[in-house]
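Novice: got a sequence here, can you build the structure:
(chains A and B)
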Amino acid sequence: MDKNIRRKKTILFISLTLVSLLVNLPIITMIINSLKSNSEILTSSSFFPQQITFENYQHLHTKTMFWTQMGNSFIVTFFGTLLSILIAAFAGYAISRFRSKFLTGFSRLLLLLQMFPIILALIPLFIMFRNLGLINTHFTVILLYTTLHLPFSIWMYKGYFDAIPTELEDAASIDGCTGLQTFFRIILPISGPGIAAVAIFSFLFSWNEYLIANVFLRDEQLMTIPVGIQLFMQQYGTDWGSLTAAATLTMLPVFIFFLFVQKYFIAGSAAGAVKG
Amino acid sequence: MGIPQSKMEETSTSKKFTTSSQKRRRKINWLPYQFLLPTILLLMLINFYPFLTGLFYSIREGSLIQLEDFVGLDNYIKLLQMPEFWNALQFSFLFGFFGVAGSYLIGLVLAVLLNKDVWGKGFFRVALLVPWIIPSVVSIVGWRWMIGDQHGLVNQLVGFLGMDPINFLGTENGAIFSVILIKIWRSFPFMMVTILASLQTINTDLYEAAKIDGANRWQSFRFITMPSIKMISIICCILMTIWCFNDFDTIWLLTQGGPVNATENLIILAYKYTFTKSDVGIGSAVSIFSLLILMILAVIMLKFQEKD
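Specialist: Just a heads-up that it's a prediction; the model follows:
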């Protein structure tokens, strides 16, 4: 009996290992390719590099705008996340603590907004921002990232705020705190996990986003890295070396970040999906 | 799940704000609206204004540079007469159906396996989430090489089996197959995580009891597991259908809708008409049309959440 269970466990472990490998094969291949020389990528059919070389990374470093674009990505991600954390917290608090017909309707609307096809907003916004001379600015992209991510963030905050006992606010109001003071002094400081969850999702969303950045950032100097990489595909169609090296480096911050926060991420995504 | 209406009214805060003095009750409490102000302003600017403008654009003629006269429903009529539109509509459904079915099945199987007592559970959970968290551009670079026609791993395997290399992105069927496969690859982790979360709430005593009653493994899956995760499955599948309909990245970065429009969904069609053909009227009409489909799906989803 005991032996049987052990064997089953081993089979399960081995099959999950194989599945994980298979699932990650495109990524693994990409990383390995980035360590091959360009000619080896195109001619050799062996999976592993005959000789590990960093020339693709060197090329990226010296000959392209990679670091500028990486910097751009950091800028839009940082400010997009910061604004999301703040603005969504206000709104999440409002729909968690107060009741009115308007607020109920509003939170419903937020759920519906998550289904909104972004392309519909992009057409008028492109024309509007162009007339305002705001194409090719990080400001525009940050504004869009913050807003498009709001419904999801607000609902995540609501979940966290709902769990905070209201006695805390009652005590604060007896002590003479106004509503805003209560929020900043009592609620926000103890909602660390909520802020973390929203920050994680905003970070990943902004770092990975492609469509909006592609429409609004046309200047190579200002592009975020997902758009920059796509340029590699067109301009240097056969330059698999730089392409794979750039993709590997783009994935790296997300991956490292994810390793640290995966527990919150998994909890957050499960909760977020369950709530809509 | 959802927001049970009754629970909302029960919270002590709601009492706090309605049972305060009579004067307070008649006066509107502005505090929540102050808190909502930045959100409302942003949503007006980025969602509401474009929605209305988009609606107006869809009944006008014009390019990105210059919008011309109102043409009534001409754009919609033109749209309904375009084979391209019907093709995109059809592909949207095809993409949605196979994307959802594939990612749900794979997600379900993996969630059930990960819910068992297995070594390295934490590691597998992280490893299997990778396709979901990395940027779309990165996954497409990885996959392009995998299915590339020269030394791509898939074609090396095909060659090893003694067949001719497959031109995945050059033929219509190959491209359709590739975008769906990659969409499934990118989506199954979401299904896996949510189903797993839902599996973990099932009381294990139920399985013990079923075992004593002589139920086999399939029967306990069929009569205990499936009913417990039914609701979350429906909601996730509708959500995923909406995401598939809205997908731009996977398709655009892999095939740009080609070859010969084979992988064009409504979003790609709208993008092409607006930003490459500069026909804002048609582009907006396609967007409004896809909004309608998405709204129907969203309303169905809200109904299910309420029921829950």
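
Novice: max-length helix in chain B?
Specialist: helix B:83-114 (DSSP state H).

Novice: same for the helix or strand just after that one, what does it pack against?
Specialist: Using DSSP states H and E, the next helix or strand after helix B:83-114 towards the C-terminus is helix B:121-127. Packing partners of helix B:121-127 (3 or more CB pairs under 8 Å, 6 or more residues apart in numbering or on different chains; DSSP states H and E): helix A:2-34, helix A:240-275, helix B:83-114. All C-beta spots, glycine's among them, are computed from the backbone N, C-alpha and C.

Novice: tabulate these (TSV), appending mean neighbour count.
Specialist: Shown next, in TSV, are the helices and strands packed on helix B:121-127 (neighbours: other CB atoms under 10 Å in any protein chain shown):
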stretch	mean neighbour count
helix A:2-34	15
helix A:240-275	19
helix B:83-114	19
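
Novice: weakest of those in terms of mean pLDDT?
Specialist: Sorting these by mean pLDDT places helix A:240-275 lowest, at a mean of 84.

Novice: so, in contact with chain B or not, it?
Specialist: Yes. Judged by CB under 8 Å from any CB of the partner chain, helix A:240-275 comes into contact with chain B through A:240, A:243-244, A:247-248, A:250-251, A:254-255, A:258-259, A:262, A:265-266, A:269-271, A:273-275.

Novice: sticking with A:S96, tell me its helix or strand.
Specialist: A:S96 belongs to helix A:66-97 when assigned by DSSP H and E.

Novice: so for that helix, mean pLDDT?
Specialist: In this model, helix A:66-97 carries a mean pLDDT of 94.

Novice: ok, now stretch B:57-73?
Specialist: 81.

Novice: cool, and stretch A:199-216?
Specialist: Across stretch A:199-216, the average pLDDT comes to 93.

Novice: now do the buried residues in it.
Specialist: A:199-216 (16 or more other CB atoms under 10 Å in any protein chain shown).

Novice: contacts with chain B among those residues, please.
Specialist: Of the residues in the buried residues of stretch A:199-216, proximity to chain B by CB under 8 Å from any CB holds for A:204, A:207-208, A:210-211, A:215.

Novice: in helices only, show me these.
Specialist: Among those, DSSP H puts A:204, A:207-208, A:211, A:215 in helices.

Novice: just checking, what packs against the helix holding A:S96?
Specialist: Using 3+ CB pairs under 8 Å, 6+ apart, helix A:66-97 sits against helix A:101-113, helix A:138-162, helix A:192-208, helix A:225-235, helix A:240-275, helix B:31-43.

Novice: right, and the ones you listed - which one's nearest B:F123?
Specialist: Among those, the nearest to B:F123 by CB to CB is helix A:240-275 (10.4 Å).

Novice: tell me the contacts of the closest residue in space to B:I300 that isn't next to it in sequence?
Specialist: Of all residues not flanking B:I300 in the chain, B:I238 sits nearest, at 6.2 Å (CB to CB, 6 or more residues apart in numbering or on different chains). By CB atoms under 8 Å, 6 or more residues apart in numbering or on different chains, the contact set of B:I238 is B:297, B:300-301, B:304.

Novice: measure the residue nearest to B:L169 when sequence neighbours are not counted to chain A for me?
Specialist: Counting by CB to CB, 6+ apart, B:L169 lies nearest to B:A175, which is 5.4 Å off, once chain neighbours are set aside. From B:A175 over to chain A the distance is 16 Å, taken as CB to the nearest CB, to the nearest Å.

Novice: quick check: B:A175 vs B:N167, distance?
Specialist: In this view, B:A175 and B:N167 are 9 Å apart by CB to CB, to the nearest Å.

Novice: ok, which stretches of chain B are strands?
Specialist: B:60-62, B:67-70 (DSSP state E).

Novice: any idea how many residues pack against the closest residue in space to A:I195 that isn't next to it in sequence?
Specialist: Leaving aside its sequence neighbours, A:I195 sits nearest to A:I85 (CB to CB, 6+ apart; 5.7 Å). By the criterion of other CB atoms under 10 Å in any protein chain shown, A:I85 has 19 neighbours.

Novice: go on, the one 3 residues further on?
Specialist: Look at A:A88: counted by other CB under 10 Å, it has 27 neighbours.

Novice: so who does the residue most central in space within chain A touch?
Specialist: Centroid-nearest residue in chain A, with CA atoms, centre = their mean: A:L204, separated by 1.2 Å. A:L204 is in contact with A:254, A:257-258, A:265, B:133, counting by CB under 8 Å, 6+ apart.
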